[in-house]
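**Q** What follows is a predicted structure for the sequence shown.
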Amino acid sequence: MSILSEGQSGNRVLLMGNDAIARGALEAGVNVISGYPGTPSSEIIQNLLQVAKERNLYVEWSANEKVALEVSAAASFAGLRAMCVMKQVGVNVASDFLLHLSLYGTRGALVLVSCEDPGALSSTNEGESRPYAQMMEFPLLEPGDFQEALEMTQWAFDLSEEIRNVVMIRSVTRMSHASGNVVLGALPTLTPRAVFNHEGPLLGQMEGPVATIPGIVDFMHRRQQDKLKKVTALFDASPFNTYSGPEAPDLLIITSSVCHLYSKEAIELLHASHRVGLLKLGTTWPLPPKTLEAALRRSDKVLIVEETLPLMEDNIKAFAVERIGTIGPKTFFGKKEGALPPINELNPDCVVTAIAGIFGLPYEGMPATYADRAAAIAAKGAPVRDLTFCPGCPHRASFWSIHAAIAMDNRRGFVCGDIGCYTLAAGATGFKTLKTVHAMGSGAGIASGFGKLAAFGFNQPVLAVCGDSTFFHAAIPALVNAVHNRSNLILVVLDNSGTAMTGFQPHPGLPTDAMGGNALALSIPDICKAIGAKVSICDPFDLPNTQKTLLALLEEKDGVNVLILRQPCALSPQKKNKKRFHMHVDNTKCIGDACGCNRLCTRVFKCPGLTWNSELKSSEIDEVLCAGCGVCASICPSGAIEVKEVE
Ligand code: SF4
Ligand code: SF4
């Protein structure tokens, strides 16, 4: 049982934004859900998986976001209701197919949910996908609170079927991961039947082949724009766009998403509700013209509050220029003129500062000393935590060997990385081994490019790393490219048997699917061999053998070699709380600074399971943190760390 299915209609419950989106999809009668994990989006699918059997849903973690969208599109083409979920960078991956899909349109409802990360709290960038809605011409909705996250999701399915096109819902971290009171609606009884009608005319929205081909693009593009006109009228009547405040405020705030909550709080904090009007837009593309015009007539000063790009700001300014004859000239405030910061998350204080600046009120956000005091108190009350791999993480061992092999080879070799737990290897925890980090699969792709530069005098060894989930997500095409073009590189697949960073979602290399059923596990070595790469496999915990293999591969120089370093993640269900070794430091051998090792284990290898005891002047094993992997025994030059197999 889950809160998603047990809550009765009319119940008031505390739901996280992602729970509310999942419940909204259930209330809408969703049948098929697909996606690729990524913070802050993952809980939506995790939640729906819990009720998949009971609600007769098909749910999958797809190999990547483009494939996920294609899977959901197939359900839509067969007349079912589908939802596809990803984080902001995933929309970039899906965007190739998304462009075609939005042009042709859909049949059963198809809702694309993009959960985004202003401030890059758990991302390598703070890119956003709202511009895709404008560029590809489909409607965009942004819930302004938790109740709306539910109701808007439900409505998005109806809207998608009304216009027969993709509808995108954009959430942000503070909406997806914060919680609020939500009143539940009813769950429908479903009797879905999937049929793909493909015998009708080519241009038939509901019967013919689903194809975007030259010669009919202009017809489809016009049809798509007619749909948008319909959307515009629907948006003007939408209850998700609300105005609150005086008839003629001194300042009008136009906002959306979680910035709506920040703006409300800022108005309250300043006791300015008699001076400031608040237009909260839930439908942010296309803009609702009548709603917007009515609001703009109210005030000559307009502050636009949004994260992260000034997308609404640009569009509203353009709209105001068009309508200047009826609404009169306006003074705009926002990100462009500097009232609000152009990057990072906003918060109520940012909005208070902006309003106070516009009104000329003497307001200083936080006292200058506040941040210093907070930092001092936090330093006392909370332990300092380095950004580091977990105790017993196979990646620490892998990068130890990779780093050592490159150093021994001594030709300025380097590693191209990408997105995963192993991104940490750009820093001290991975011995600063990664020298490029971009999108998923880009390590292999960039290495493929470096590996072709010999004609220009380039003679540095090139390695790339990717995780096992990333291998299926995006590294295979790069590997194909490298083999086909006779690039010279070593791809190290850090196979820890799961999509560990986001919670061990299954991927195509594992024998289970998202719903817990049996799946065909695809073999990474077989795939690499089939492509034409030479393949080696090592246990990264076996440092001597891994380093010997890497050195041999570095000496090979020509062609594409794949080294698979296979060892399950220390936090994987099969390993968690199970030690392979009892570890012990022999204080007679570990004499710290006096022995000449320079405390290699705690200063360089830095597994959190090892600590330096300054009184004893010796290293120690922290029994609570140590995962018992045994690797540190291999790195101590004095042989002071002992391993004993757990019986
Ligand atoms: S355990 Fe080994 S590496 Fe660590 S300080 Fe002692 S002698 Fe040095
Ligand atoms: S055995 Fe050594 S390397 Fe492994 S978790 Fe324990 S302290 Fe860390």
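**A** Sure, I can see it. Numbers count the residues shown, from 1 in each chain. Ligands and ions are numbered 1, 2, ... in the order given.
**Q** C-alpha only now, for contacts and for neighbours.
**A** Will do.
**Q** pLDDT below threshold where in the stretch 1-150 of the chain?
**A** 1 (pLDDT under 70).
**Q** what about the closest residue to ligand 1 within it, neighbour count?
**A** Nearest residue of the stretch 1-150 of the chain to ligand 1, counting by CA to the nearest ligand atom: residue 122, 32.7 Å away. Using other CA atoms under 10 Å, residue 122 has 14 other residues around it.
**Q** For the stretch 51-200 of the chain, just list every one of the helices.
**A** Along the stretch 51-200 of the chain, counting by DSSP state H, counting those that start in this stretch, helices occupy 65-77, 88-104, 130-136, 146-163, 173-176.
**Q** related to what we said a few turns ago, quick check: closest non-adjacent residue to the residue of the stretch 1-150 of the chain closest to ligand 1.
**A** Spatial nearest neighbour of residue 122, chain neighbours left out: residue 39 (6.5 Å); criterion: CA to CA, 6 or more residues apart in numbering.
**Q** Export the helices of the stretch 51-200 of the chain as a markdown table, with columns for mean neighbour count and distance to residue 492.
**A** Converted to a markdown table, the helices of the stretch 51-200 of the chain look like this (neighbours: other CA atoms under 10 Å; distance: least, CA to CA, whole Å):
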| stretch | mean neighbour count | distance to residue 492 |
| --- | --- | --- |
| helix 65-77 | 25 | 23 |
| helix 88-104 | 20 | 23 |
| helix 130-136 | 17 | 34 |
| helix 146-163 | 23 | 41 |
| helix 173-176 | 24 | 32 |
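**Q** need the contact list for whatever residue of the stretch 301-450 of the chain ends up closest to ligand 1.
**A** Scanning the stretch 301-450 of the chain for proximity to ligand 1 using CA to the nearest ligand atom identifies residue 400 as nearest, at 14.0 Å. Residue 400 makes contact with 430, 431, 605, according to CA atoms under 8 Å, 6 or more residues apart in numbering.
**Q** ok, the last one to residue 591 distance?
**A** Right, the one you point to is residue 605. 17 Å (CA to CA, to the nearest Å).
**Q** Of the contacts of residue 400, just the buried ones, ChimeraX syntax please.
**A** Buried residues among those (16 or more other CA atoms under 10 Å), as a ChimeraX selection:
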select :430,431,605
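**Q** In strands, which of the contacts of residue 400 appear?
**A** The members of these all map outside strands under DSSP state E.
**Q** Show only the entries of the contacts of residue 400 found in helices.
**A** Secondary structure assignment by DSSP state H places none of these in helices.
**Q** Nearest to ligand 2 among the contacts of residue 400?
**A** Distances from ligand 2 to these, taken by CA to the nearest ligand atom, are shortest for residue 605, at 8.2 Å.
**Q** pLDDT score for that closest one?
**A** Note on residue 605: pLDDT of 96.
**Q** all strands of the stretch 151-300 of the chain, in order?
**A** All strands of the stretch 151-300 of the chain, identified by DSSP state E, counting those that start in this stretch, fall at 167-172, 179-183, 242-244, 251-255, 276-280, 283-285.
**Q** of the ones you listed, which approaches ligand 1 most closely?
**A** strand 167-172 (44.1 Å).
**Q** Is it correct that residue 587 is in contact with residue 618?
**A** Yes: here residue 587 reaches residue 618: they are 6.2 Å apart, a contact under CA atoms under 8 Å.
**Q** neighbour-wise, which of the two wins?
**A** Counted by other CA under 10 Å, residue 587 and residue 618 do not tie: residue 618 has more neighbours, with 21 against 15.
**Q** about what we covered before: select, out of the helices of the stretch 51-200 of the chain, the one closest to residue 537.
**A** helix 65-77 (28.6 Å; CA to CA).
**Q** What is that closest one packed up against?
**A** With contacts taken as 3 or more CA pairs under 8 Å, 6 or more residues apart in numbering; DSSP states H and E, helix 65-77 sits against strand 32-35, strand 82-87, helix 88-104, strand 110-116.
**Q** Am I right that residue 436 is in a strand?
**A** Yes: counting by DSSP: H, G, I helix; E, B strand; the rest coil, residue 436 falls inside a strand.
**Q** quick one: contacts for it?
**A** Contacts of residue 436 by CA under 8 Å, 6+ apart are 415, 416, 417, 418, 443.
**Q** Tell me the one among the residues you listed nearest to residue 148.
**A** residue 418 (35.4 Å).
**Q** so that closest one sits right up against residue 435, yeah?
**A** No: Residue 418 lies out of contact with residue 435 (CA under 8 Å); the separation is 10.0 Å.
**Q** Just want to know which of these two has more residues nearby.
**A** residue 418 (29 against 16).
**Q** Apart from its neighbours in sequence, what residue is nearest that one?
**A** residue 437 (4.7 Å).
**Q** Surely the one you found and residue 419 touch.
**A** Yes: using CA under 8 Å, residue 437 makes contact with residue 419 at a distance of 7.2 Å.
**Q** What is the neighbour count of the residue lying closest to residue 144 once chain neighbours are set aside?
**A** Counting by CA to CA, 6+ apart, the nearest residue to residue 144 once its immediate chain neighbours are dropped is residue 257, at 4.1 Å. Around residue 257 there are 27 other residues, counting by other CA under 10 Å.
**Q** mind checking how far residue 257 is from residue 352?
**A** Residue 257 is 17 Å from residue 352, by CA to CA.
**Q** Same check on residue 391?
**A** For residue 391 relative to residue 352 (CA to CA), the value is 43 Å.
**Q** Comparing those two, which residue is more hemmed in?
**A** With neighbours defined as other CA under 10 Å, residue 391 and residue 352 compare such that residue 352 has more, 24 against 19.
**Q** Pretty sure the more buried one sits against residue 271.
**A** No: if you go by CA under 8 Å, residue 352 and residue 271 don't touch, sitting 10.5 Å apart.
**Q** anything in contact with each of those two?
**A** Joint contacts of residue 352 and residue 271 (CA under 8 Å, 6+ apart) do not exist.
**Q** Give me the distance from the lengthiest helix in the chain to the chain's centre.
**A** Looking across the chain with DSSP H, the single longest helix is helix 217-236. Distance of helix 217-236 from its chain centroid, counting by CA atoms, centre = their mean, to the nearest Å, is 30 Å.
**Q** same thing with stretch 94-108?
**A** Taking mean C-alpha positions (CA atoms, centre = their mean), stretch 94-108 and its chain are 21 Å apart.
**Q** picking that back up, that's a helix at the residue nearest to residue 122, yeah?
**A** No: Residue 39 sits outside any helix when classified using three-state DSSP, being coil.
**Q** just checking, it touches residue 502?
**A** Yes: judged on CA under 8 Å, residue 39 makes contact with residue 502 at a distance of 6.8 Å.
**Q** and stretch 542-561, average pLDDT?
**A** 95.
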